[in-house]
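K.L.:
following is a predicted model, sequence given first.
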Amino acid sequence: MLAIKQVMDEQTIDQAAELKRSMISIEDLSLVFTTNDGPVNALSNINLNINEGDFVSFIGPSGCGKTTLLRVIADLEQATSGSIKVDGTSPKDARLNRLYGYVFQAPGLLPWRTIQQNCALPMEISGRSGAHQQKQIDKNLKMVGLQDFHNKFPWQLSGGMQQRASIARALCINPQLLLMDEPFGALDEITRDHMNMELLRIWQETQKTVVFVTHSIDEAVLLSTHIVVMSPRPGRIVKVIESPLPRLKTLALRDQAAFHQLAAEIRSALANDHAID
Ligand SMILES: Nc1ncnc2c1ncn2[C@@H]1O[C@H](COP(=O)(O)OP(=O)(O)OP(=O)(O)O)[C@@H](O)[C@H]1O
C-alpha cells in the first residue's frame with residue numbers, strides 16, 4: 001500500500017514538473033566572435049531549459065562565456081548557430097516586449113538623475129510613463145528598502161544601496177525575467193550577504209524567473225534552484241545541478257551539511273573538467 005502511495009506521489013511530482021512552463025529554451029547554441037586575431041569560440045553546443053520561477057546561476061572560471069550566454073538571452077549578442085526561445089518567442093521579441101530586466105555588475109545609475117528619476121528611465125524609454133509610473137517606482141523602491149531615498153542622487157548612496165536602486169530600476173517595468181550579471185561582485189562580504197538575502201526575498205515575493213551570473217560557489221548554492229556549471233575552451237555546459245535545498249533559504253543554511261555537499265558537487269564538476277586547477 002505504501003509502495004503504491006509512493007508511486008502515486010512520484011507521478012504527481014513528475015506531472016507537476018511537466019506542467020512548469022519553459023521560460024528559456026536553448027538548443028545546440030554556439031557563438032563564435034570574429035576578431036582581428038581570429039575566431040573566438042565563446043559558446044559551444046549549449047543545451048539548456050529554464051522553467052518559469054526558477055533561480056538559475058551560471059558559474060565557471062573567467063572567460064567561460066557566462067556573460068556571453070546571458071547577453072544572448074537578452075538579445076545583446078547573436079548566436080552563430082542553434083536556437084533560443086525566451087518565453088516562447090525570439091530574444092529580440094522578448095527584448096522589444098520588455099520581458100526582462102537586466103542588472104549589471106556596476107549599478108550604472110545616471111549621476112545627474114535622482115534615484116526616482118533613474119528608476120523612471122526604462123519606462124520613459126519604452127513609452128510606459130504616466131500615472132502608473134509613480135506607483136511602480138514607489139512599490140519597487142520600497143521592495144528594495146529605499147523608500148526614503150527617492151530624491152537622493154546616486155553619489156549620496158552606498159555601493160550596496162546603489163545596486164539595490166539598480167535592481168528596483170530593473171523591476172519597474174515589471175519583467176517576468178530578471179537577468180543579473182555578477183550584480184554583487186564588487187560588494188564587501190557583509191553587504192553581499194545582506195543583498196543575497198534581499199534578492200531571495202524579492203524573488204519569493206515576485207515569483208520571477210532569475211538568471212544569475214556569479215564567480216562564487218557559496219553564492220550559487222545560497223541562491224539557486226539550479227546551478228549551471230560552465231567550462232572554458234570553448235565555453236560549454238559541464239553539468240546542470242538541481243539544488244536539493246529548500247527554495248526559502250537563510251544564511252544559517254551555510255553551516256549545514258547539505259550546503260557543503262552541494263558546494264563540493266559544484267567544485268568537483270569544475271575541477272573534473274579542468275575548469276579550475
Ligand atoms: N565582443 C567580443 N568580441 C570578441 N571576444 C569576446 C567578446 N566578448 C567576449 N569575448 C570573449 O568570449 C569569451 C567569453 O567571454 P565572457 O565575458 O562571456 O566570459 P565570462 O565567463 O563572463 O568571464 P568573466 O567571468 O571574466 O566575466 C572570452 O574569451 C572573451 O574574451
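P.N.:
Looks like it arrived, so ask away. Just so it is clear, the structure is predicted and the values come from calculations on it, not from any experiment. Numbers count the residues shown, from 1 in each chain.

K.L.:
could I get the full set of helices for the stretch 1-150 of the chain?
P.N.:
If DSSP state H, counting those that start in this stretch is used as the criterion, the helices of the stretch 1-150 of the chain fall at 2-19, 66-73, 91-96, 115-125, 131-143.

K.L.:
lowest mean pLDDT across those, which one is that?
P.N.:
Set side by side, these give their lowest mean pLDDT on helix 2-19, at a mean of 52.

K.L.:
I figured Thr214 hits Met195, correct?
P.N.:
No - judged on C-beta atoms under 8 Å, Thr214 makes no contact with Met195 at a distance of 12.0 Å. Backbone N, C-alpha and C define where each C-beta goes, glycine included.

K.L.:
the more surrounded of those two?
P.N.:
Legend: neighbour count by other C-beta atoms under 10 Å for Thr214 and Met195, higher for Thr214 (24 against 20).

K.L.:
the more buried one bridge partners, please.
P.N.:
Listed beta-bridge partners, Thr214: Ile59 (assigned using DSSP bridges).

K.L.:
residues touching it, list them.
P.N.:
For Thr214, the residues meeting the contact criterion (C-beta atoms under 8 Å, 6 or more residues apart in numbering) are Ser57, Phe58, Ile59, Glu182, Gly185, Ala220, Leu223.

K.L.:
least confident pick among those?
P.N.:
In this model, the minimum pLDDT among the contacts of Thr214 belongs to Gly185 (86).

K.L.:
contacts only, for the residue nearest to it when sequence neighbours are not counted.
P.N.:
Sequence neighbours aside, Gln105 is the residue nearest to Gly185 in space, at 5.3 Å (criterion: C-beta to C-beta, 6 or more residues apart in numbering). By C-beta under 8 Å, 6+ apart, Gln105 lies in contact with Asp181, Glu182, Pro183, Gly185, Ala186.

K.L.:
between those, which has the most around it?
P.N.:
The member of the contacts of Gln105 that has the most neighbours, counting by other C-beta under 10 Å, is Pro183 with 26 neighbours.

K.L.:
now it, nearest residue through space, not along the chain?
P.N.:
If the residues on either side of it in the chain are set aside, Pro183 comes closest to Val103, at 4.7 Å by C-beta to C-beta, 6+ apart.

K.L.:
among the contacts of Thr214, which ones are in strands?
P.N.:
Using DSSP state E, the members of the contacts of Thr214 that fall within strands are Ser57, Phe58, Ile59.

K.L.:
any idea how far Gly101 is from Pro61?
P.N.:
With distances defined as C-beta to C-beta, to the nearest Å, the gap from Gly101 to Pro61 amounts to 27 Å.

K.L.:
more neighbours, the two?
P.N.:
Neighbour totals were compared for Gly101 and Pro61, and Gly101 leads with 23 against 18 (other C-beta under 10 Å).

K.L.:
could you find the closest non-adjacent residue to the more buried one?
P.N.:
Distance criterion C-beta to C-beta, 6+ apart; nearest residue to Gly101, sequence neighbours excluded, is Ala170 at 3.0 Å.

K.L.:
and what of Gly60?
P.N.:
In space, Gly60 is closest to Met230, 3.3 Å off (C-beta to C-beta, 6+ apart).

K.L.:
equivalent analysis for Pro175, please.
P.N.:
If the residues on either side of it in the chain are set aside, Pro175 comes closest to Gly101, at 4.1 Å by C-beta to C-beta, 6+ apart.
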